[in-house]
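[1] build me a model from this:
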Amino acid sequence: MVELISNSKAFLNDLGWFANLVTIVSVLLSIKIVVELVKKLVAMYGKKRREKIVKKMNDPDYIEWSRQVLKTIYAGSEFVSIYKKNYPAVIFRPGKDFRYPFSDLCYLESTEIGELRLTRVQKEYLWFLRDTVKRPKMRGFSTKEIVLDAAGLVIAISARATIYQHNVVTANILEWELFKLYEKNKEISGDILSKLALRSAYHGGNSPNEAILKPSNAYPLISVQALVIYKDYKSPNDVKWKAIVAQRGKNVAIKPELWQIHPAGGFEVYGDQDDHLDLHLTQGFDVSMALLREYAEEIYRAEELDFRSDGRDSGSVLSEPHVEHLVRLIHANKASIEFLGVITDLTVLRHELSFLIVIDDPEYSKYPILGSSEATNIFSMTMAELKKTFSKQQIHSSSAGLLQLAIASDRLVSLGISEELACDATRTPAEAG
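    Model (predicted):
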């Protein structure tokens, strides 16, 4: 009996390690649960803070203040003005007839992407955006220079490689800096640029209007946008021209909840952010391919074109059914793509290469418009609905500029659409701004 008791005590003592292990595991699990809970609470706080600030940034008082500030800094440029509303964006019109696939529009000057040492303010801004920046290392193309002729018209866009995060902390951040100044001091003085350190760095000692064309110490991601106007044959007795417009979602990195013409998006490679071969950049530098990707992704929810996680060739974009159909219509003279010019949103000093896509084909209007994850609502609007929306709602500045250019285009004038959208969009540079 004594021996049995002794052996039992020994067995229990031997189990001491197991009890300790159970205790350690329990503590670690508790710590993990607490850490996850803290992460969720921080994420919830960050989301609520973002929503609160976005609401303030969409406030008419701030929008008007920022427009006046940017008009003061960039006086002399042709500002976007449509439906009796002025926008903090400027227009650069083409100096020649660029034709699809626009191989002579953009030039890649460099594929080198250097390191960027972040300041405290830049880190704070990234923390503010957090999960809205999905692929910070995705490679794309930033503006090196918008090349103009002697008449001030666009003859080329010079570009260099960058990653999305570099764009965020040197271009997108400029609106954040502007809003921070608004909260601190609403006075608009002649030297207000001196109070905007990041914007001054972007200018790099150049005059403001020169800086728009040639960024310094900044990597503004080039964007592409297109107004898609198609003839809707679904009701044979009521055939109408329609345009595609969407409202941006709440959880996008810039300009959430504003109305915007779709498609629109960054000029990035069709790849993954872990790609490092120069070949991805040189083959991916194709502005028409970038536009067609955005077209399929944002209008027909072809989300596999957002980024490429497998080994597909970048040219496979042309085999996407909606892209293939559009290209076929172009070759059959039932559709056209026209370069209208460059719109620069002054709040972030990013350049939007702007296009007009016109489609007249009965089969085309059978395709359902699906939208994308970045838009909460997407609509095919009649010209009357388009005019009403742009007259009454808060519109993305670049989209307003795109519509202004489109209305003045020979293509829409010849179709009688410009007359339906009649406004002050054809004002001269001297009258605008």
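[2] domain ranges for the protein, per the record?
    2-36, 60-420 (automatic domain parsing).
[3] point out the most buried one among those domains.
    Of all the domains of the chain, domain 60-420 carries the top mean neighbour count, a mean of 18, counting by mean count of other CB atoms under 10 Å. Bear in mind the C-beta positions are built from the backbone N, C-alpha and C, glycine included.
[4] and it, end to end?
    28 Å (CA to CA, to the nearest Å).
[5] one more: stretch 180-189?
    This stretch, stretch 180-189, spans 16 Å end to end (CA to CA).
[6] just to revisit the earlier point, and the domains of the chain as TSV, adding mean pLDDT?
    Shown next, in TSV, are the domains of the chain (pLDDT from 0 to 100):
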stretch	mean pLDDT
domain 2-36	63
domain 60-420	91
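[7] could the ones you listed go into JSON lines alongside distance to residue 53?
    Shown next, in JSON lines, are these (distance: least, CB to CB, whole Å):
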{"stretch": "domain 2-36", "distance to residue 53": "26"}
{"stretch": "domain 60-420", "distance to residue 53": "7"}
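[8] in the sheet, who's paired with the residue nearest the centre of the chain?
    Centroid-nearest residue in the chain: residue 265, 4.5 Å away (criterion: CA atoms, centre = their mean). For residue 265, the beta-bridge partners under DSSP bridges are residue 224.
[9] please tell me how far residue 233 sits from residue 386.
    Noted for residue 233: a distance of 19 Å to residue 386, by CB to CB, to the nearest Å.
[10] please apply the same query to residue 169.
    35 Å.
[11] for residue 245, same thing?
    From residue 245 to residue 386 the distance is 7 Å (CB to CB).
[12] helix, strand or coil: sort out the nearest residue in space to residue 137 that is not next to it in sequence for me.
    In space, and not counting its chain neighbours, residue 137 is closest to residue 273: 4.0 Å by CB to CB, 6 or more residues apart in numbering. Going by DSSP: H, G, I helix; E, B strand; the rest coil, the secondary structure assigned to residue 273 is coil.
[13] and residue 137, backbone torsions?
    Phi and psi for residue 137, reported as degrees, to the nearest 10, are phi -100, psi 10.
[14] now swap in the one 4 residues further on and tell me
    Dihedral pair for residue 141: phi -130, psi 130, per degrees, to the nearest 10.
[15] which stretches of the stretch 51-200 of the chain form helices?
    For the stretch 51-200 of the chain, the helices defined by DSSP state H, counting those that start in this stretch occupy 60-73, 120-129, 164-167, 173-184, 197-203.
[16] ditto for the stretch 301-433 of the chain
    Per DSSP H, counting those that start in this stretch, the stretch 301-433 of the chain carries helices over the ranges 321-331, 383-392, 397-407, 410-415, 417-420.
[17] reformat these into TSV and put distance to residue 174 next to each item.
    Putting the helices of the stretch 301-433 of the chain into TSV (distance: least, CB to CB, whole Å) gives the following:
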stretch	distance to residue 174
helix 321-331	33
helix 383-392	25
helix 397-407	13
helix 410-415	32
helix 417-420	33
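[18] go through the ones you listed and name the closest to residue 203.
    With distances scored as CB to CB, the stretch of the helices of the stretch 301-433 of the chain nearest to residue 203 is helix 397-407 (19.5 Å).
[19] pull the CA atoms of that closest one into PDB?
    What follows is helix 397-407, C-alpha atoms only, in PDB (Å, rounded to 0.1, in the frame of the first residue of the first chain):
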ATOM      1  CA  SER A 397     -12.800  66.600 -60.200                       C
ATOM      2  CA  SER A 398     -11.100  64.400 -62.800                       C
ATOM      3  CA  SER A 399     -14.500  63.100 -64.000                       C
ATOM      4  CA  ALA A 400     -15.800  66.600 -64.300                       C
ATOM      5  CA  GLY A 401     -12.800  67.500 -66.500                       C
ATOM      6  CA  LEU A 402     -13.300  64.400 -68.600                       C
ATOM      7  CA  LEU A 403     -16.900  65.300 -69.300                       C
ATOM      8  CA  GLN A 404     -15.900  68.900 -70.100                       C
ATOM      9  CA  LEU A 405     -13.400  67.600 -72.700                       C
ATOM     10  CA  ALA A 406     -15.800  65.000 -74.100                       C
ATOM     11  CA  ILE A 407     -18.600  67.600 -74.700                       C
END
